[in-house]
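In: got a structure for you, letters missing:
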């Protein structure tokens, strides 16, 4: 009896799925958990209509975390200054509105292009460094831009923020209201569209190459993968997405302040990603939900010391869920699957 007979057709299918193309095709298929997740994003319209403004902030934070996950979770590029691109996008959309163009969709596109171009220029420096040096460079870039925006008060409004922003109705129909219906619908739609693009990107040969660069960027050139070129490409795309997130914040709140470029925003998005789990696409989204809801609740309980509880939350996640919430869920699911497989009786073909 050959090994193929023992394996059977099920194992043969597994072998086929183990090939690169089979693996990618399996990853592209939508799972019921994913569908349930996106259907759940519609629940705030029904269950918590008074918190739609917060829900729109969560969607924007999730998009920002997604952009960081593309470079950190899939490419291994560590950044402590990712807010630089968020802020550039926010100021781009704000300045467009102040100068007389408040159309939101084209504003998003222009902000994404401007920030992507800025990301492309800075990527030539970023991709040449790793680890501690990279952390210091990205941190310095964020601090540099924040101080530049503060100094150029004649353009950015400086410490007082940019004044006179007016976002036009979406498609000349949907006006932004105080209740957040339009803001959340708009932010959620943009998040979903960009997520689809990111999902297809990471489940492609390019995405596999990024994972290889993350694991060992010194060996990838041996198989013909241009490490610096791929790193610049994903960094540019991530910068553009971060810029779109910043522009979303400007358009939905109609305000821009120096805070969008601050280190605190870079730290917050990194915390979101750690909580949810890096390299999983949904990790940033789950982390944004947990972090933003926790921040809202903790600040309501204690406006002065709510960061104490955020710190406890982060310590607890790192200690008990070192790969994040989704990593912990995946670990438990694998253990349950293995336990079920061990208890399943062997069956022989007739």
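Out: Perfect, I can see it now. In this text the structure is predicted, and so the values were computed from the model without any measurement.

In: Give me the below-cutoff pLDDT ranges for the stretch 201-350 of the chain.
Out: Low-confidence segments of the stretch 201-350 of the chain (pLDDT under 70): 344-350.

In: all helices for it, in order.
Out: 205-215, 227-253, 263-276, 282-301, 306-320, 324-343 (DSSP state H, counting those that start in this stretch).

In: now swap in the stretch 1-150 of the chain and tell me
Out: Along the stretch 1-150 of the chain, counting by DSSP H, counting those that start in this stretch, helices occupy 3-17, 20-28, 32-40, 44-47, 52-72, 83-98, 104-126, 131-151.

In: buried stuff in the fourth one?
Out: In this case it means helix 44-47. Within helix 44-47, the residues that qualify as buried are residue 44, counting by 16 or more other CB atoms under 10 Å. C-betas here are computed from N, CA, C, even on glycine.

In: Show residues contacting it.
Out: Residues outside helix 44-47 that contact it (CB atoms under 8 Å, 6 or more residues apart in numbering): 51, 52, 55, 181, 184.

In: re earlier: could I get the helices of the stretch 1-150 of the chain as CSV with mean pLDDT?
Out: CSV is the format used below for the helices of the stretch 1-150 of the chain (pLDDT from 0 to 100):
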stretch, mean pLDDT
helix 3-17, 40
helix 20-28, 70
helix 32-40, 94
helix 44-47, 93
helix 52-72, 95
helix 83-98, 95
helix 104-126, 95
helix 131-151, 91
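
In: who wins for proximity to residue 197 among these?
Out: Residue 197 sits nearest to helix 52-72 of all the helices of the stretch 1-150 of the chain, at 10.2 Å, using CB to CB.

In: other SSEs contacting the closest one?
Out: helix 44-47, helix 181-202, helix 227-253, helix 263-276, helix 282-301 (3 or more CB pairs under 8 Å, 6 or more residues apart in numbering; DSSP states H and E).

In: and the angle from that helix to helix 104-126?
Out: 30 degrees (axes from the mean of the first three to the mean of the last three CA atoms, to 10 degrees).

In: returning to that earlier point: now for the contacts of helix 44-47, which pair is the farthest apart?
Out: Going by CB to CB, the pair spanning the contacts of helix 44-47 furthest: 51 and 181, at 11.7 Å.

In: still on that earlier bit, now, of the helices of the stretch 201-350 of the chain, which is deepest in the fold?
Out: Ranked by mean neighbour count, the helices of the stretch 201-350 of the chain are led by helix 227-253 with a mean of 25 (mean count of other CB atoms under 10 Å).

In: what packs against that one?
Out: For helix 227-253, the packing partners by 3+ CB pairs under 8 Å, 6+ apart are helix 52-72, helix 83-98, helix 104-126, helix 181-202, helix 205-215.

In: which stretch among the ones you listed comes nearest residue 256?
Out: The closest of the helices and strands packed on helix 227-253 to residue 256 is helix 83-98. By CB to CB, the value is 4.0 Å.

In: Quick one: list the elements packing against that closest one.
Out: Using 3+ CB pairs under 8 Å, 6+ apart: helix 83-98 touches helix 104-126, helix 131-151, helix 153-156, helix 227-253, helix 263-276.

In: Including distance to residue 75, could those go into TSV?
Out: Listed next are the helices and strands packed on helix 83-98 as TSV, based on distance: least, CB to CB, whole Å:
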stretch	distance to residue 75
helix 104-126	11
helix 131-151	11
helix 153-156	31
helix 227-253	5
helix 263-276	13
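
In: of the ones you listed, which approaches residue 207 most closely?
Out: Residue 207 lies closest, by CB to CB, to one member of the helices and strands packed on helix 83-98: helix 227-253, at 9.1 Å.

In: Helix 104-126 and that closest one, what's the angle between them?
Out: Put simply, helix 227-253 runs at 150 degrees to helix 104-126, going by the same axes, to 10 degrees.

In: And the helices and strands packed on helix 52-72: which comes nearest residue 36?
Out: Closest among the helices and strands packed on helix 52-72, once you apply CB to CB, is helix 282-301, at 11.6 Å.

In: ok, and what's touching the closest one?
Out: For helix 282-301, the external contacting residues (CB under 8 Å, 6+ apart) are 34, 37, 54, 57-58, 61-62, 64-66, 68-69, 73, 191, 195, 268-269, 271-277, 306, 309-310, 313, 324-327.
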